[in-house]
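> Everything below, folded, please.
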Amino acid sequence: MKKTLSIIFLFAIVFSSCENKNNYSALITQEKKDILQYIKNNHITVYNYSKSDSVFSDKKTIDNICKYVTDSNVYYSLGEDSIYIRINIVGDTTQSVKLNDKVQVRYIETTLDGLYTESYWTTLDLPFPPELTFGDIPSAFQGATTNLNCAGWQTAIRLMKYSETESEIIVPSKLGLKKNYESITPCHYRFWFKRLPK
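Predicted coordinates for the structure are as follows:
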């Protein structure tokens with residue numbers, strides 16, 4: 001009898017685990033569809049990065065996209081599972097961010113359905129902007145992702161390059177803040193960073 005109950009219990013655990021994986025997989029698939037729908041609804045053109053020749057499909061290099069304001073309907077992507085980014089304002093081109101630099105960030109986060117917005121854009125929203133270390137890329141899989149830093153922001157800062165640059169980014173949940181990673185919620189950001197003096 002104990003053996004039978006153990007087998008039933010083990011089967012229930014395995015079945016539950018498979019069901020959770022299937023649900024997660026379905027949610028990730030839906031998230032990708034939601035991002036593509038957001039891009040379509042907002043008439044966004046996406047230029048994709050090609051590793052073979054190290055340029056985007058419009059022939060710009062990674063280093064070049066941070067030097068110019070991007071068309072309002074043009075975003076760049078490093079691939080299907082990366083962020084999408086456009087440059088709104090080019091910052092101080094004499095102040096390039098370097099590995100381990102401390103930076104302040106300001107952002108307005110909006111879910112792609114527009115139902116939720118969080119703003120840390122001005123001192124009225126938050127007197128002291130969040131600070132993070134450039135290159136300190138948190139991993140959601142290691143439980144290190146937080147609500148004040150994420151791989152998506154780190155990628156954005158690398159592409160933005162110059163202190164006080166402003167961009168628009170779309171961040172898939174697996175590269176997002178902890179709350180968005182856990183709820184599988186992709187977000188759009190108005191995003192800005194400033195390199196802090198050493």
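
> use CA for all of it now, contacts and neighbours both
Fine.

> need the contact list for residue 100.
Counting by C-alpha atoms under 8 Å, 6 or more residues apart in numbering, residue 100 touches 133-136.

> cool, residue 136 as well?
By C-alpha under 8 Å, 6+ apart, the contact set of residue 136 is 100, 154.

> go with 6 Å
Residue 136 sits next to no residue when contact means C-alpha atoms under 6 Å, 6 or more residues apart in numbering.

> In terms of pLDDT, where does it sit?
On the pLDDT scale, residue 136 is placed at 90.

> Was I right to think residue 184 contacts residue 175?
No - taking contacts as C-alpha atoms under 6 Å, residue 184 lies outside contact range of residue 175: 10.1 Å.

> more neighbours, those two?
More crowded of residue 184 and residue 175, by other C-alpha atoms under 10 Å: residue 175, with 25 against 18.

> That one reaches residue 154, doesn't it?
No - between residue 175 and residue 154 there is no contact under C-alpha under 6 Å: 9.4 Å.

> Give me the distance between the residue lying closest to residue 137 once chain neighbours are set aside and residue 181.
In this structure, residue 137 finds its nearest non-sequential neighbour in residue 151, 5.3 Å apart by C-alpha to C-alpha, 6 or more residues apart in numbering. Relative to residue 181, residue 151 is positioned 11 Å away (C-alpha to C-alpha, to the nearest Å).

> And for residue 134?
To residue 181, residue 134 is 20 Å away according to C-alpha to C-alpha.

> got it, and residue 89?
From residue 89 across to residue 181, the span is 28 Å (C-alpha to C-alpha).

> Equivalent analysis for residue 103, please.
Remark: distance between residue 103 and residue 181 (C-alpha to C-alpha) = 23 Å.

> cool, residue 118 as well?
Between residue 118 and residue 181 the computed distance is 16 Å (C-alpha to C-alpha).

> Quick one: residues contacting the nearest residue to residue 58 once chain neighbours are set aside.
Among residues not flanking residue 58 along the chain, residue 47 sits closest, at 6.5 Å (C-alpha to C-alpha, 6+ apart). Taking C-alpha under 6 Å, 6+ apart, we find residue 47 in contact with 56-57, 76.
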